[in-house]
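Enquirer: Below: sequence and its predicted model.
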There are 2 protein chains.
Amino acid sequence: MKKSIKVFAPATVANVVCGFDILGFAVNEPGDELVMELTDKRGVKIISIEGDEGKLPLDPQKNTVSASVISLLKKLEREDLGINIQLKKKMPMGSGLGSSSASAVAGLFAANELLGQPLSKMELLPFAMEGEALACGHGHADNVAPALFGGFTLIKSYDPLEVIALPVPKLYCALLYPHVDVPTRDARQIIRSKVLLKDAVTQWGNIAGLISSLYTHDYDLLGRCLKDVIVEPIRSILIPEFDFMKAYAMENGALGFGISGSGPTVFSLYKSPDDGQKVITNLQRMLADKGIKSNIYLSEINETGPVILA
Amino acid sequence: MKKSIKVFAPATVANVVCGFDILGFAVNEPGDELVMELTDKRGVKIISIEGDEGKLPLDPQKNTVSASVISLLKKLEREDLGINIQLKKKMPMGSGLGSSSASAVAGLFAANELLGQPLSKMELLPFAMEGEALACGHGHADNVAPALFGGFTLIKSYDPLEVIALPVPKLYCALLYPHVDVPTRDARQIIRSKVLLKDAVTQWGNIAGLISSLYTHDYDLLGRCLKDVIVEPIRSILIPEFDFMKAYAMENGALGFGISGSGPTVFSLYKSPDDGQKVITNLQRMLADKGIKSNIYLSEINETGPVILA
């Protein structure tokens, strides 16, 4: 039995413009790195966290990376085990990139591997959602599911929970995280609880078209479906220069552009990595000129979910 | 150049439970039969209509079967032509089966064939929608598009008009048209103009899952996605014994059950034709016991749209 493992779990883009609360995909960068060790001392401990600027709790009951593992051990009746966790946040938190999901998935994946894979990914999902609920106050799956399964994932329903892995076309995702504060709870609260039926119809035409485009690898259709008439018009108000960034990306090769999760990170998709890199590099410079710092990332869509690094 | 043609155009099931206004499919039965002849006398004439109980107008400007052909000839600058139409309605009207769409598509398809296929099906679509608008007061495409293209069709958007042909799994559709009056306009009016966002999210999870199931031939998933939390709960009130019929069909092999278009016809889908035939035969008998007459039809999903019969 392996005593130690190092894993990576990916950041994720939830909603994907027209798939509010039901769609997400994972990226190869950024994400969380985690080292987990089996010890002789009963209990789950967080030994160290890097890259969180001291913001995350070290109390294992309060951190998603460990709380989900504690639930898992309870379920497996292995609370006798000792587990030490070293977490390296290689991604921003509170940015709309599924930071807490990445941590929960990293912890669960590592523990499940150390224990000889007693559970399938589908069986791990409820534990990851529990971790997500701890961090965000709600148990949505649109970050944890893609973080766990990789690729594009559809949350077909919550009751019962049903997740569908969708085909993954060759695509590059450019991410830009502007350093402005948009708490998830606020971003949810400004969304109206009722929508016009005609807008809902437009939205389900787009989500239906998007799903079709993933199966047929029709990039142009995919781009035409990345439209959101319901959530983006409201949430984008919280993101500085959103309309400008969107127009710039769309004029420079993006298939689509939108808010990642509840923001403030914005994402755009490209057939060419060069186009994506150019757009976010230039946008980063333009934002800096306006006094807004940002992080940028470019990677392919992650197809695997978490991976073993060592 | 052919002087005469006989064609069939299929009835269609619009909405398909979770795809309100964006989804439809065609069936092999029932439908319209039409004989079209080129004559030496300029102008489009309706020579005869059978099966309409005298309800449809013989004035070519007012009947969808001819009005759409008149528009087509105008567009092609062939108003010099003389065309005689004999229409045989082999399907009920005002039943939610896309009767006016079948007529418009039959007329357009026949004329386009007689003229040597100057237009593609995609190019014929706007003319068919025009015919539909004449009959229903609105230019929806969720009946005309499947009638024209066959199979499952997605109306991805109206502005611009974009129709996507979806894969067609081997499925049997059972239709039951109870002889009660539910005018399309009334059926639309009782739908609320605003819906709960959480219901819209449920709906787009279902439509997304349904599209996925068509590509993967996952019949169980297809069945699980045939749920409508927005329109069916309201429209079903207008259809006598709806809940009873649905429960009976679902207990006897149906993958899903719902309202065809705006009703009152109900449809259900089956892997086995025997199951479908049994369900509608029994339901027809049970409705008759309650004093409600009905028509029933069982056929495969139509994959081709209109066909030349002679």
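Expert: Perfect, I can see it now.

Enquirer: Which residues of chain A lie near chain B?
Expert: A:19-23, A:154-157, A:162, A:164, A:166, A:191-198, A:200-212, A:215, A:221, A:224-225, A:230 (CB under 8 Å from any CB of the partner chain). C-beta: built from backbone N, CA, C; applies to glycine.

Enquirer: Show me those residues that map onto strands.
Expert: Of these, the ones assigned to strands by DSSP state E are A:23, A:154-157, A:162, A:164, A:166, A:194-196.

Enquirer: Kindly reformat those as TSV containing neighbour count.
Expert: Below are these laid out as TSV (neighbours: other CB atoms under 10 Å in any protein chain shown):
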residue	neighbour count
A:23	27
A:154	28
A:155	26
A:156	22
A:157	19
A:162	17
A:164	23
A:166	22
A:194	15
A:195	21
A:196	15
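
Enquirer: of all those, which two lie farthest apart?
Expert: A:166 and A:194 (28.9 Å; CB to CB).

Enquirer: what residue ranges in the stretch 101-250 of chain A are flagged as low confidence?
Expert: Regions of the stretch 101-250 of chain A meeting the criterion pLDDT under 70 cover residues A:137-139, A:183-185, A:187-188.

Enquirer: where along chain A do the helices fall?
Expert: A:64-75, A:99-114, A:121-136, A:144-149, A:184-189, A:197-216, A:219-225, A:232-235, A:242-251, A:273-289 (DSSP state H).

Enquirer: Would you convert those helices into a markdown table that also reports mean neighbour count and distance to residue A:35?
Expert: Supplementary listing: those in a markdown table, determined by neighbours: other CB atoms under 10 Å in any protein chain shown; distance: least, CB to CB, whole Å:
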| stretch | mean neighbour count | distance to residue A:35 |
| --- | --- | --- |
| helix A:64-75 | 23 | 11 |
| helix A:99-114 | 29 | 8 |
| helix A:121-136 | 22 | 18 |
| helix A:144-149 | 32 | 18 |
| helix A:184-189 | 14 | 28 |
| helix A:197-216 | 23 | 35 |
| helix A:219-225 | 19 | 37 |
| helix A:232-235 | 18 | 36 |
| helix A:242-251 | 17 | 36 |
| helix A:273-289 | 17 | 30 |
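
Enquirer: May I see those organised as a markdown table, with distance to residue A:32 added?
Expert: Formatted as a markdown table, those follow (distance: least, CB to CB, whole Å):
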| stretch | distance to residue A:32 |
| --- | --- |
| helix A:64-75 | 8 |
| helix A:99-114 | 4 |
| helix A:121-136 | 12 |
| helix A:144-149 | 9 |
| helix A:184-189 | 18 |
| helix A:197-216 | 26 |
| helix A:219-225 | 28 |
| helix A:232-235 | 25 |
| helix A:242-251 | 26 |
| helix A:273-289 | 21 |
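
Enquirer: Which one of those lies nearest to residue B:269?
Expert: Closest approach to residue B:269 among these is made by helix A:197-216 (17.7 Å; CB to CB).

Enquirer: Could you name the helices and strands sitting against the closest one?
Expert: strand A:161-166, helix A:219-225, strand B:152-158, strand B:161-166, strand B:194-196, helix B:197-216 (3 or more CB pairs under 8 Å, 6 or more residues apart in numbering or on different chains; DSSP states H and E).

Enquirer: packing partners for the fourth one?
Expert: What it means is strand B:161-166. helix A:197-216, helix B:121-136, helix B:144-149, strand B:152-158, helix B:197-216.

Enquirer: quick one: it to helix B:121-136, angle?
Expert: 110 degrees (axes from the mean of the first three to the mean of the last three CA atoms, to 10 degrees).

Enquirer: ok, now the longest one?
Expert: Note on geometry: by the same axes, to 10 degrees, helix B:197-216 and helix B:121-136 are set 140 degrees apart in direction.

Enquirer: you'd agree residue A:147 is up against residue A:102?
Expert: Yes. Counting by CB atoms under 8 Å, residue A:147 touches residue A:102, with 5.5 Å between them.

Enquirer: shared neighbours, the two?
Expert: A:9-12 (CB atoms under 8 Å, 6 or more residues apart in numbering or on different chains).

Enquirer: To residue B:63, which of the helices of chain A lies closest?
Expert: helix A:197-216 (29.1 Å).
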